[in-house]
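Participant: With the sequence up front, the predicted model follows.
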Amino acid sequence: MKEWVIIKYNDPSEYKKAFGLFKEAMAFVSKSMREDKYFSADS
């Protein structure tokens, strides 16, 4: 299952507000990939 979130800001400097979210999401995905022995890049 793939889920996507789109965050749009008018001013690129506003993305700093979501930095914690991006960092947490990357950690979650990387942990999931390490733990999922059935993970495939095609899924």
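Facilitator: Here it is on my side, so go on.
Participant: Model confidence score at Lys2, please.
Facilitator: As predicted, Lys2 sits at a pLDDT of 66.
Participant: do Lys23 as well
Facilitator: 90.
Participant: ok, now Lys16?
Facilitator: In this prediction Lys16 is given a pLDDT of 88.
Participant: what's around it, how many residues?
Facilitator: Close neighbours of Lys16, defined as other C-beta atoms under 10 Å, add up to 9. Backbone N, C-alpha and C define where each C-beta goes, glycine included.
Participant: now the one 4 residues further on
Facilitator: Residue neighbour count, defined by other C-beta under 10 Å, stands at 9 for Gly20.
Participant: Tell me how far it lies from Met26.
Facilitator: 11 Å (C-beta to C-beta, to the nearest Å).
Participant: now swap in Val5 and tell me
Facilitator: 13 Å.
Participant: Which one's more surrounded, the two?
Facilitator: Met26 (10 against 7).
Participant: Spell out the secondary structure type for the more buried one.
Facilitator: helix (DSSP: H, G, I helix; E, B strand; the rest coil).
Participant: And the pLDDT at it?
Facilitator: 85.
Participant: cool, and Ser43?
Facilitator: 50.
Participant: Pull the number of nearby residues for the closest residue to Ile7 other than its chain neighbours.
Facilitator: Nearest in space to Ile7, with sequence neighbours left out and distances taken as C-beta to C-beta, 6 or more residues apart in numbering, is Ala18 at 5.5 Å. Residues lying near Ala18 (other C-beta under 10 Å) number 13.
Participant: Double-check Ala18 against Lys8; I have them as touching.
Facilitator: No. Ala18 is beyond contact range of Lys8, at 10.5 Å (criterion: C-beta atoms under 8 Å).
Participant: What helix or strand is Lys31 located in?
Facilitator: Using DSSP states H and E, the element containing Lys31 is helix 19-35.
Participant: and stretch 17-28, how far out from the chain's middle?
Facilitator: 7 Å (C-alpha atoms, centre = their mean, to the nearest Å).
Participant: contact partners of it?
Facilitator: Ile7, Tyr9 (C-beta atoms under 8 Å, 6 or more residues apart in numbering).
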